[in-house]
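Visitor: When you get a sec, could you give me coordinates for this:
(one chain, ligands or ions: 1)
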Amino acid sequence: MRAICPGSFDPVTHGHIDVIARAAHLFDEVIVALGRNSSKDYLFTVEERVAMLTEATAGMPGVRVGLLDGLLVDYCRDEGVDVIVKGLRFAGDFEFEVQMAQMNHALSGIETIMLPTSARWAHLSSTIIREVAKLGGDVADFVPDAVAERIRAMQA
Ligand code: PNS
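Guide: Reported below is the predicted structural model:
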C-alpha cells in the first residue's frame, strides 16, 4: 500500500521524521508531500523545505518527497495513494485533524490513519522551533542536521 504524510514542514522536525519512519514500517511506500496551508506564512521557501525534507529522509527505504500543489485528495488520486497518515501529539491536534480527515473522506473516500507521536517528541512543533530559531536559540536537538545547518546559517 502507498501512504502519504502531508504537511508544511516549516521546518521538518524529529517529530515529523518519527511519524514518517513509523509509516514506512507499516506501508510499502510513503510519499512525504510538502503542502501549502493558505493561512500560514512560511519561514523557509518551498525549495528550502523540499531540500531539507529530501536530506532528512535520504536513506529511508520506500520514502520519497513530493510537492503538493492543490487539493490533497487530487494529489492522492493522481499518485495512487491509498491512505493518509498524520501524527497526533495531543487533543488540540485531534480537533483539526479529524475535520480534515472527514473532509478528505467526504471528497474522495480516502481514509486517514492517525499515529500518536512518540512521547519523546510530543513537545515539538515547527511553530515553536521557528520562534526559538528566530530569537537565536539552539534547536539542534530537535531537528535533523539538514535543518540545524540552515538555521545556524540564518542566525549567523
Ligand atoms: O503541517 P500542516 O500545516 O499542518 O499541514 C497542513 C496540510 C498541508 C497537510 C493541509 O493544509 C493540506 O492538506 N493542504 C493541501 C490542501 C488541501 O487539500 N486542503 C484541504 C484539507 S481538508
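
Visitor: Restricting the selection to alpha carbons, write stretch 12-25 to CSV.
Guide: Output of stretch 12-25 as CSV, limited to C-alpha atoms (Å, rounded to 0.1, in the frame of the first residue of the first chain):
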residue,chain,number,x,y,z
VAL,A,12,10.8,19.3,9.4
THR,A,13,11.4,18.2,13.0
HIS,A,14,12.4,14.9,14.7
GLY,A,15,8.7,14.5,15.5
HIS,A,16,7.8,14.5,11.7
ILE,A,17,10.7,12.1,11.0
ASP,A,18,9.5,9.8,13.7
VAL,A,19,6.0,9.6,12.2
ILE,A,20,7.4,9.2,8.6
ALA,A,21,9.7,6.3,9.8
ARG,A,22,6.8,4.6,11.5
ALA,A,23,4.6,5.0,8.4
ALA,A,24,7.4,3.5,6.3
HIS,A,25,7.3,0.4,8.5
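
Visitor: hmm, that stretch in reach of the ligand?
Guide: No: legend: contact between stretch 12-25 and the ligand by Cβ under 6 Å from any ligand atom is lacking; minimum distance shown is 8.4 Å. Heads up, the C-betas are built off the backbone N, CA and C, glycines and all.

Visitor: what mean pLDDT would you report for that stretch?
Guide: Average pLDDT, stretch 12-25: 98.

Visitor: what sits up against it?
Guide: Contact with stretch 12-25 is made by 3, 5, 7, 9, 30, 32, 49, 52-53, 56-57, 60-63, 85-87, 89, 115, 117-118, 120-122, 124-126, 129, 142-144, 147, as judged by Cβ atoms under 8 Å, 6 or more residues apart in numbering.

Visitor: what does this structure put close to the ligand?
Guide: 6, 7, 8, 35, 37, 40, 68, 71, 72, 100, 103, 104.

Visitor: From the ligand, how far out is residue 108?
Guide: 10 Å (Cβ to the nearest ligand atom, to the nearest Å).

Visitor: Whatever residue of the chain ends up closest to the ligand: what's it in contact with?
Guide: Per Cβ to the nearest ligand atom, residue 35 is where the chain lies closest to the ligand, at 2.9 Å. Shown in contact with residue 35 (Cβ under 8 Å, 6+ apart): 6, 7, 8, 68, 72.
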